[in-house]
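In: Mind folding the following:
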Amino acid sequence: MKLVDVLIFFGSIGFLVIWVDQFIYKDVPFSDTYFLLMLGIGGVLFALYRRGIQKLKDHQGKKK
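Out: Next up, the predicted model:
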């Protein structure tokens, strides 16, 4: 599971880096780079959600 989480997180960071390159440095219109931005932010939030769920499961396992 940790490998999947790492791949999701770093893939999302990669999409954000591509967005920065396209939008800021190459002056591509925002409407053309919006998909990369949303994919990157959504992936980061999904990775953080999965990490939080895993921490909750670990915490509940230690309580018992």
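In: Correct me if wrong: I41 contacts Y34.
Out: No - counting by CB atoms under 8 Å, I41 does not reach Y34; the two are 10.7 Å apart. To be clear about C-beta, it is placed using only N, CA and C from the backbone, and glycine gets the same treatment.
In: got the buried residues for whatever helix or strand M38 lives in?
Out: If you go by DSSP states H and E, M38 is part of helix 30-63. Buried residues in helix 30-63, defined by neighbour count with 16 or more other CB atoms under 10 Å: 33, 36-37, 39-40, 43-44, 47, 50.
In: from the residues you listed, which is closest to F9?
Out: In terms of CB to CB, no member of the buried residues of helix 30-63 lies closer to F9 than A47, at 4.0 Å.
In: Now do the contacts for the nearest residue to that closest one once chain neighbours are set aside.
Out: Sequence neighbours aside, F9 is the residue nearest to A47 in space, at 4.0 Å (criterion: CB to CB, 6 or more residues apart in numbering). Shown in contact with F9 (CB atoms under 8 Å, 6 or more residues apart in numbering): 43-44, 47.
In: Now flag whichever of these is closest to L16.
Out: Relative to L16, the closest of the contacts of F9 is V44; by CB to CB it sits at 7.5 Å.
In: Now the spatially closest residue to the closest one that is not a sequence neighbour: which helix or strand?
Out: Spatially, and ignoring its direct neighbours in sequence, V44 is nearest to S12 (4.6 Å; CB to CB, 6+ apart). S12 is located in helix 2-20, with elements delineated by DSSP H and E.
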